[in-house]
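K.L.:
Turn this into a model:
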Amino acid sequence: MRNAVMHAGYQRAKPFYGWIVVAAAFMVTFIGFGSAYTFSSFVESLQREFGASRGSVSLVFSFAGFLYFGLGIVSGPLADRWGARRLAGVGMALVGLGMVLAGQAQTILQVYAAYSIGIGAGVGCAYVPTLGAVQRWFVKRRGFASGLAVSGIGVGTLVMPPLATWLITSLGWRDAYVVLGVVAVVAGIGASLLIADDPRRYGTGPDGDPLETVSSAPLRQGVSIRGAVRTARFAGLYAACLISAFGVFVPFVHLVPFAVDHQVAPTLAVLLLGMIGVGSTAGRFFLGGIADRVGRDAFLIAMYLGMAVSLAIWAIASSFWSLAVFALLFGVFYGGWVAILPAVVTDHFGGRNVGGIIGILYTSVAFGTLLGPSAAGFAFDISHSYFIPVAISAAANLVAALIAVATMRTASPIASVARP
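P.N.:
Got it, this is the predicted structure:
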């Protein structure tokens, strides 16, 4: 009896493993997206090395973005079946390999193949499965946990581009890619090994509640993938994400070149990308918890409106400080959008097939990422101005907000299950 009591006390004293999963997800998103968003630091070097236009170089990022959001339609269901840990580990290995091979490229087409396919497929394997795993560990604090997990993207955006710029200056762009690739493999795979899908295997329910009190918890309940995509709720979420994504990823490719074109020193220009990271980290870290209290659907609408307003500021900005205001504001709202979207999906469709449903939803973001940054680059090549593509980006997010408002009025398939 005494041993049983001691064992029970030990079990209660054990930390909730869900927070370890959140920390692992943070590191996976830090490495994956931080590596992807170093691209802006390499644009000038790639243009100079291969004599390429800004539009054609922008395609490298657009192809990568298309893959890392689009492949969620495959990696999400695979993770639901095989577990997120395996998919995340493979993804981090591909990210590192892609960067190492990009450093060996002799033509711009080889950069497309190495960076776009390597990093794109790598993040595509890891991102949706990792987010899906986090959702299953939480119900009451799902928005907060999601925000913490994806704040790795914001910190990666803050840390990795300046690190890449320093490495390029110190070692050259080719060796910079190799160093970043090795870091991605070691840190990314190490973090992936800590990911787990099911709290019940660790003796708890979601949120760390005692297992015997959560027998009806929505951990593996929910709508089928086919059932989810046929709902008006999913159609609205998909349309809003698709239209918004046309503009959301334009700054990650073109903000630094835009600033340099407006006589901002390159060392200061790259800091603007870091400021998006600062704002994004704040948005993901702090706003997710607010969304849990005020309502995650209404919060999502506010994020679209915030991105629209901040992009409008960019359209008329011309100095470092006005661009810094844009970068911080945009980062906050972009970070809040990324943080809350998986939680909204789980709220309305449940945890049973959350990886697959998020993966299908993110194909909308994939198409927007493919078209938006590259179209902005080609528009600049023609007009030598970013005003029109940036203004269109702002308008797209305003339209996304209106679609989200209409979507709130449709029926939620399992709202009663996932609401805290």
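K.L.:
Neighbours of P161, how many?
P.N.:
Here the count is done by other C-beta atoms under 10 Å, and P161 has 26 residues near it. Glycine gets a C-beta too; all of them are placed from N, C-alpha and C.
K.L.:
Then H384?
P.N.:
Other residues near H384 number 8, with proximity taken as other C-beta under 10 Å.
K.L.:
correct me, but G227 touches G356?
P.N.:
No: using C-beta atoms under 8 Å, G227 makes no contact with G356, being 11.4 Å away.
K.L.:
more neighbours, the two?
P.N.:
Taking other C-beta under 10 Å, G227 and G356 do not tie; G356 has more neighbours (27 against 14).
K.L.:
surely the more buried one meets G76?
P.N.:
Yes: using C-beta under 8 Å, G356 makes contact with G76 at a distance of 4.5 Å.
K.L.:
any low-confidence regions in the stretch 1-150 of the chain?
P.N.:
Residues of the stretch 1-150 of the chain meeting the criterion pLDDT under 70: 1-14, 54.
K.L.:
which stretches of it form strands?
P.N.:
With DSSP state E, counting those that start in this stretch as the definition, the stretch 1-150 of the chain shows no strands.
K.L.:
Let me see the backbone angles for Q104.
P.N.:
When quoted as degrees, to the nearest 10, the phi and psi of Q104 stand at phi -100, psi 0.
K.L.:
Can you tell me how far it is from A64?
P.N.:
Distance of Q104 to A64, given as C-beta to C-beta, to the nearest Å: 17 Å.
K.L.:
higher neighbour count, these two?
P.N.:
More crowded of Q104 and A64, by other C-beta under 10 Å: A64, with 27 against 12.
K.L.:
G355 contacts P129, doesn't it?
P.N.:
Yes: the pair G355 / P129 is scored as a contact, 5.7 Å apart, by C-beta under 8 Å.
K.L.:
quick one: common contacting residues for these two?
P.N.:
Common contacts of G355 and P129 (C-beta atoms under 8 Å, 6 or more residues apart in numbering): 75-76, 78-79, 84.
K.L.:
May I see these arranged in CSV, with neighbour count and distance to R284 as well?
P.N.:
Listed next are these as CSV, based on neighbours: other C-beta atoms under 10 Å; distance: C-beta to C-beta, whole Å:
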residue, neighbour count, distance to R284
S75, 32, 21
G76, 29, 21
L78, 20, 26
A79, 30, 21
A84, 31, 19
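K.L.:
Which member of the residues you listed is positioned nearest L272?
P.N.:
Nearest to L272 among the shared contacts of G355 and P129, counting by C-beta to C-beta, is S75 at 31.5 Å.
K.L.:
remind me which residues of the stretch 151-300 of the chain are low pLDDT?
P.N.:
For the stretch 151-300 of the chain, the stretches with pLDDT under 70 are 211-221, 288-289.
K.L.:
Show me the helices in it, by range?
P.N.:
173-192, 225-229, 232-248, 250-261, 266-294, 296-316 (DSSP state H, counting those that start in this stretch).
K.L.:
for the last one, which positions count as buried?
P.N.:
Buried residues in helix 296-316, counted by 16 or more other C-beta atoms under 10 Å: 296-297, 299-315.
K.L.:
what does the third one give?
P.N.:
Neighbour-count burial for helix 232-248, counted by 16+ other C-beta under 10 Å, picks out 233-234, 236-248.
K.L.:
what bits of the stretch 301-420 of the chain have low per-residue confidence?
P.N.:
Scanning the stretch 301-420 of the chain for pLDDT under 70 picks out 351, 411-412, 414-420.
K.L.:
rerun that using 80 as the cut-off
P.N.:
Counting by pLDDT under 80, the stretch 301-420 of the chain contains low-confidence ranges at 350-355, 369, 374, 409-420.
K.L.:
where do the helices sit along it?
P.N.:
Ranges of helices in the stretch 301-420 of the chain, per DSSP H, counting those that start in this stretch, are 320-349, 354-383, 387-408, 415-418.
K.L.:
can you put those in a markdown table and add distance to L180?
P.N.:
Output for those, formatted as a markdown table (distance: least, C-beta to C-beta, whole Å):
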| stretch | distance to L180 |
| --- | --- |
| helix 320-349 | 22 |
| helix 354-383 | 20 |
| helix 387-408 | 28 |
| helix 415-418 | 38 |
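K.L.:
mind checking which of those helices is nearest L255?
P.N.:
Nearest of those to L255, taken as C-beta to C-beta: helix 320-349 at 6.9 Å.
K.L.:
how distant is the closest one from the center of its chain?
P.N.:
10 Å (C-alpha atoms, centre = their mean, to the nearest Å).
K.L.:
what's the answer for stretch 148-163, then?
P.N.:
Put simply, stretch 148-163 sits 10 Å off its chain's centre (C-alpha atoms, centre = their mean).
K.L.:
Check stretch 372-388 too.
P.N.:
With C-alpha atoms, centre = their mean, you get 24 Å for stretch 372-388.
K.L.:
what sits up against it?
P.N.:
Here stretch 372-388 makes contact (C-beta under 8 Å, 6+ apart) with 53-59, 61-62, 65, 245-250, 252-254, 258, 315, 389-390, 393.
K.L.:
Can I get that stretch as CSV, trimmed to CA atoms?
P.N.:
The C-alpha trace of stretch 372-388 is given here as CSV (Å, rounded to 0.1, in the frame of the first residue of the first chain):
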residue,chain,number,x,y,z
GLY,A,372,2.3,36.1,-54.2
PRO,A,373,6.0,36.7,-53.7
SER,A,374,6.9,35.7,-57.3
ALA,A,375,4.2,38.0,-58.8
ALA,A,376,5.4,40.9,-56.6
GLY,A,377,9.0,40.3,-57.9
PHE,A,378,7.9,40.2,-61.6
ALA,A,379,5.7,43.3,-61.0
PHE,A,380,8.8,45.1,-59.7
ASP,A,381,10.8,44.0,-62.7
ILE,A,382,8.2,45.6,-64.9
SER,A,383,7.3,48.8,-63.0
HIS,A,384,10.4,49.2,-60.7
SER,A,385,8.0,49.8,-57.9
TYR,A,386,6.4,47.7,-55.2
PHE,A,387,3.4,49.9,-54.6
ILE,A,388,0.8,48.0,-56.6
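K.L.:
going forward, begin numbering at 253 instead of 1
P.N.:
Sure, I'll start numbering at 253, so the last one becomes stretch 624-640.
K.L.:
And stretch 358-367, what's buried?
P.N.:
Within stretch 358-367, the residues that qualify as buried are 360, 363-367, counting by 16+ other C-beta under 10 Å.
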